[in-house]
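Enquirer: Structure of the sequence below:
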Amino acid sequence: MSDNAKADGGTSDDTYTASVVGGTGFTGGELLRLLAGHPNFEVVQATSRSNVNKTVGRTHPNLRDLDLRFSDPDDLESVDVLFAATPHGVSMEAIDEFFEAADTVVDLSADFRLPDAAGYDEWYDGHVSPEYLDRAEYALPELNGENLPGAELIAGGGCNATATILGLKPLVDEGVLGPETGEVVVDVKVGSSEGGAGGGAASSHPERSGVVRPYAPTGHRHEAEIEAYLGLSVSFTVHAVDMVRGASATCHVFPEEPVSKRDLWGAYRGAYAEEPFMRIVSGGGGVYRYPEPKAVAGTNYGEVGFELDPGNRRIVVFSAIDNMMKGSAGQAVHATNLALGLPETAGLEFGGLHPVGSP
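Expert: Numbers count the residues shown, from 1 in each chain. Below is the predicted model of the structure:
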């Protein structure tokens, strides 16, 4: 922070220096976009091994006005906040160097988002810096907001997990769902940007166009987050679909006890009435009667909705986010605002566009 002690907490007038490690990816570009427009951040560095000395606007054409060139990640500058938008495994290897460069580290990979090493042994390939896991705070503010102020290591949530958690959390809070209560089947549909800028052949336009392709029928790693933070074991499947931005989760919930529509409205309003980036969209009028990624494209908003099937006591829960915003860069900036004591919505006020093409 330029002229203020971090321990004193932030104010709306404070300015923080920031760097983005891994700035050429889609998420890195979103971080740079948000931070460049944030009233409390000055972006002083963006790194890329393959684009050293090339302008940020060369890779991200929407940022051509940003006067910044990529630098080598081995030459980190001293900043207040370091955002790491790197592939899984990079941050856990470099975390000591990151903290040498910054007071606060915000990691958008999977490297610190599970609470213990056992989870990484089961779902990933282990962890080389498990001593940092106890220091990490899960970034999703609607779930973990009370623990984010003062956090020094912030771990971004997975986009599929984020969409699912936002949809199911109110039912867990109200006791409709729990480890021994009810069954949940989750189907998530995601856009091609989830695969990243180097997504490979499966993400190329000719292969992706027009598809509804199951790519993780079982055993998706984001199940680990849902179990860790909601205490739920879910049957989880992900489809790749023909859109660029967005994640849409449809959760089929089979509670053990009957639930009324009034109960559901009470649960969702109770959970999200005070959350600035959550909207309940459940069977109203107009074309967009339930949550859709298209309606939140480019924003940090999450939409949730539900319907009740009284015939077999099934609750159908819908949730939609922009996977690169609420599911990644927007979530990271939102959490960082809370960690630094800044206004919660700072730099995230964009309300979206309508109509738009592919979300």
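Enquirer: The residue nearest to P87 when sequence neighbours are not counted is in what secondary structure piece?
Expert: Distances taken as C-beta to C-beta, 6 or more residues apart in numbering place S109 nearest to P87, at 6.4 Å, with adjacent residues excluded. Yep, even glycine has a C-beta here, placed from its N, CA and C like the rest. Here S109 sits in a region with no helix or strand, counting by DSSP states H and E.
Enquirer: What count of nearby residues applies to S109?
Expert: S109 has 21 neighbours, counted by other C-beta atoms under 10 Å.
Enquirer: That one against A84, yeah?
Expert: Yes. Using C-beta atoms under 8 Å, S109 is in contact with A84, at 6.7 Å.
Enquirer: who touches both of the two?
Expert: Common contact partners of S109 and A84 (C-beta atoms under 8 Å, 6 or more residues apart in numbering): 90-91.
Enquirer: Buried by neighbour count: which residues of the helix or strand where I95 lies qualify?
Expert: Per DSSP H and E: I95 is located in helix 90-101. Using 16 or more other C-beta atoms under 10 Å as the test for burial, helix 90-101 gives 90-92, 94-95, 98-99, 101.
Enquirer: Make JSON lines out of the residues you listed and add pLDDT.
Expert: As requested, the buried residues of helix 90-101 are exported to JSON lines (pLDDT from 0 to 100):
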{"residue": "V90", "pLDDT": "97"}
{"residue": "S91", "pLDDT": "98"}
{"residue": "M92", "pLDDT": "98"}
{"residue": "A94", "pLDDT": "98"}
{"residue": "I95", "pLDDT": "98"}
{"residue": "F98", "pLDDT": "98"}
{"residue": "F99", "pLDDT": "98"}
{"residue": "A101", "pLDDT": "98"}
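Enquirer: right, and out of those, which lies closest to G266?
Expert: G266 lies nearest to S91 out of the buried residues of helix 90-101, by C-beta to C-beta, at 39.9 Å.
Enquirer: The closest one and P141, how far apart?
Expert: 21 Å (C-beta to C-beta, to the nearest Å).
Enquirer: the helices in this structure, which residues?
Expert: Using DSSP state H, the helices of the chain run over residues 26-36, 56-59, 90-101, 117-123, 141-144, 159-173, 205-208, 222-230, 261-272, 329-340.
Enquirer: mind putting those helices in TSV, distance to R313 included?
Expert: Shown next, in TSV, are the helices of the chain (distance: least, C-beta to C-beta, whole Å):
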stretch	distance to R313
helix 26-36	39
helix 56-59	51
helix 90-101	43
helix 117-123	31
helix 141-144	26
helix 159-173	13
helix 205-208	37
helix 222-230	20
helix 261-272	12
helix 329-340	33
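Enquirer: Compare the mean pLDDT across these and name the weakest.
Expert: Comparing mean pLDDT across the helices of the chain, the lowest value falls on helix 205-208: a mean of 82.
Enquirer: Now do the buried residues in that one.
Expert: R208.
Enquirer: quick thing: my sequence starts at 42, can you match it?
Expert: Got it, the first residue is 42 from now on, which makes the last one we talked about helix 246-249.
Enquirer: Counting by contacts, list what it packs against.
Expert: Using 3 or more C-beta pairs under 8 Å, 6 or more residues apart in numbering; DSSP states H and E as the contact criterion, no helix or strand is in contact with helix 246-249.
Enquirer: Mind listing residues that contact it?
Expert: Against helix 246-249 from outside (C-beta under 8 Å, 6+ apart): 233, 242-243, 281, 283.
Enquirer: Next: stretch 228-238.
Expert: 65-68, 128, 200-201, 204-205, 240, 243-244, 249, 253, 277-282, 284-293, 334, 364-365, 399-400.
Enquirer: so of those residues, which ones are in strands?
Expert: 253, 277-282, 288-293 (DSSP state E).
Enquirer: Adding neighbour count and distance to P80, write the contacts of helix 246-249 out as JSON lines.
Expert: Below are the contacts of helix 246-249 laid out as JSON lines (neighbours: other C-beta atoms under 10 Å; distance: C-beta to C-beta, whole Å):
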{"residue": "S233", "neighbour count": "25", "distance to P80": "32"}
{"residue": "A242", "neighbour count": "8", "distance to P80": "41"}
{"residue": "A243", "neighbour count": "13", "distance to P80": "39"}
{"residue": "A281", "neighbour count": "22", "distance to P80": "37"}
{"residue": "D283", "neighbour count": "15", "distance to P80": "37"}
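Enquirer: Identify the farthest-apart pair in those residues.
Expert: A242 and D283 (15.9 Å).
Enquirer: which regions of this structure lie under the pLDDT threshold?
Expert: 42-52, 239-240, 399-400 (pLDDT under 70).
Enquirer: now the nearest residue to P384 once chain neighbours are set aside: how far from G186?
Expert: Of all residues not flanking P384 in the chain, S53 sits nearest, at 5.4 Å (C-beta to C-beta, 6+ apart). From S53 across to G186, the span is 18 Å (C-beta to C-beta).
Enquirer: okay, these two: which has more neighbours?
Expert: When S53 and G186 are compared for neighbours, G186 comes out ahead with 16 against 10, by other C-beta under 10 Å.
Enquirer: Make sure the more buried one is actually in contact with Q372.
Expert: No. With contact defined as C-beta under 8 Å, G186 does not count as touching Q372 (11.4 Å).
Enquirer: just the buried residues of helix 131-142 now: which is nearest A269?
Expert: M133 (17.1 Å).
Enquirer: domain ranges for the chain?
Expert: Here the domain parsing of the chain from automatic domain parsing is 47-198+369-381, 201-362.
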